[in-house]
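Q: Sequence and computational prediction follow.
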Amino acid sequence: MDLTGATWRKSTRSGSGGGDCVEVADNLPGIVGVRDSKDPEGPALVFGPVAWRAFVAEVARPS
């Protein structure tokens, strides 16, 4: 999948000290990209919008 036009943003939950950071690109039609900010040229996961909303809802759910 070509993510060349993706606009990546760091998760609001990522701290400023580096470490475990996730970047999300939600500006492309029909897909949401997710990558490790420490390896921007590395692999990225791609979700459809429905799957992404379900993932975010599950992660945000109190345990």
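A: Arrived safely, thanks for sending.

Q: CA atoms for contacts and neighbours, from now on please.
A: Will do.

Q: Spell out, range by range, the strands that occur in this structure.
A: For the chain, applying DSSP state E gives strands covering 9-10, 22-25, 32-36, 44-47.

Q: which of the ones you listed sits most buried?
A: For these, the largest average neighbour count (mean count of other CA atoms under 10 Å) is found in strand 32-36, namely a mean of 21.

Q: For that strand, name the packing helices and strands.
A: Counting contacts by 3 or more CA pairs under 8 Å, 6 or more residues apart in numbering; DSSP states H and E, strand 32-36 packs against strand 22-25, strand 44-47.

Q: ok, residues contacting it?
A: With contact meaning CA atoms under 8 Å, 6 or more residues apart in numbering, strand 32-36 is reached by 3, 6, 20-26, 42-49, 52.

Q: do that again at 10 Å, thanks
A: Applying CA atoms under 10 Å, 6 or more residues apart in numbering, the external contacts of strand 32-36 come out as 1, 3, 6-11, 19-27, 41-53.

Q: Tell me how confident the model is about it, as a mean pLDDT.
A: Regarding strand 32-36, the rounded mean pLDDT is 94.

Q: on that earlier part again, in TSV, list the helices and strands packed on strand 32-36 along with mean pLDDT and distance to Pro62.
A: Below are the helices and strands packed on strand 32-36 laid out as TSV (pLDDT from 0 to 100; distance: least, CA to CA, whole Å):
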stretch	mean pLDDT	distance to Pro62
strand 22-25	93	20
strand 44-47	96	23
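
Q: Adding distance to Gly33, write those strands out as JSON lines.
A: Below are those laid out as JSON lines (distance: least, CA to CA, whole Å):
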{"stretch": "strand 22-25", "distance to Gly33": "5"}
{"stretch": "strand 44-47", "distance to Gly33": "5"}
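
Q: which stretch among those comes nearest Ile31?
A: strand 44-47 (5.6 Å; CA to CA).

Q: What is that closest one packed up against?
A: strand 22-25, strand 32-36, helix 49-60 (3 or more CA pairs under 10 Å, 6 or more residues apart in numbering; DSSP states H and E).

Q: In its sheet, which strands sit next to that strand, and in what direction?
A: In its sheet, strand 44-47 lies beside strand 32-36 (antiparallel), with partners assigned from DSSP bridges.
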